[in-house]
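Undergrad: Here is a sequence with its predicted model. Questions after.
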Amino acid sequence: MTHPLQSRSLLVVLSVAAFAGLASPLPARATEEPPAVTPCAAKSFKFDKVKAACTEGGRSAAKKLMKGVVKKAKAAGGDVNCKTCHTSLKTFALTKDAHTKLGKWL
Ligand code: HEC
């Protein structure tokens, strides 16, 4: 005889445990090999969102965030692309007003 309720609560326990594992990285992780991500070049950030993206996923996460910004700005009628705020798409050097502009759309 099976106990559908029991197995369902086991599933709940398992997914809660999995989520907790994701939400709070164990100290043991520090000794593991770091994932192969290209870190952001910037050492200090004006925007927490960019900082968080860089901390969590390096350049590729930052790019993803930026793509969202471009999408949002375009939807608002702006003629925006990466070069609106970055003088180079290699170093991602910023234009003078990049921070002001990003503040509007982030
Ligand atoms: C509205 C202005 C703006 C646009 C458009 C924009 N960026 Fe950015 N981007 C910034 C600013 C400002 C920063 C630095 C954020 C900070 O200091 O918190 C940044 C940071 C970055 C970084 C991190 C750089 C590093 O290594 O330190 C990457 C990568 C990046 N942008 C990629 C892109 C890409 C790819 C696009 C196009 C899809 C894009 N950005 C479009 C303003 C912009």
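TA: Thanks, I have the structure now.
Undergrad: Contact partners for residue 87?
TA: Going by Cβ atoms under 8 Å, 6 or more residues apart in numbering, residue 87 touches 93-95. In short, each C-beta sits where N, CA and C put it, glycine included.
Undergrad: and this structure, which residues reach the ligand?
TA: 40-42, 45-47, 50-51, 59, 62-63, 66-67, 69-70, 80, 82, 84-86, 92, 94, 98-99, 101-102, 105 (Cβ under 6 Å from any ligand atom).
Undergrad: which residues of this protein score low on pLDDT?
TA: 1-31, 34-35 (pLDDT under 70).
Undergrad: report the longest helix in it, please.
TA: helix 48-75 (DSSP state H).
Undergrad: give me phi/psi at residue 98?
TA: phi -60, psi -40 (degrees, to the nearest 10).
Undergrad: I'd say it and residue 85 touch.
TA: Yes: using Cβ atoms under 8 Å, residue 98 is in contact with residue 85, at 3.8 Å.
Undergrad: which of those two has more neighbours?
TA: Neighbour tally, residue 98 and residue 85, criterion other Cβ atoms under 10 Å: the higher count belongs to residue 85, 23 against 16.
Undergrad: could you pull out the strands for the protein?
TA: Taking DSSP state E, the chain contains no strands at all.
Undergrad: And the helices in it?
TA: So, for the chain - with DSSP H - the helices run 4-23, 48-75, 82-85, 98-105.
Undergrad: Show me what the longest one packs onto, helices and strands only.
TA: To tie it back to what came earlier, the one meant is helix 48-75. For helix 48-75, the elements it packs on are helix 98-105, judged by 3 or more Cβ pairs under 8 Å, 6 or more residues apart in numbering; DSSP states H and E.
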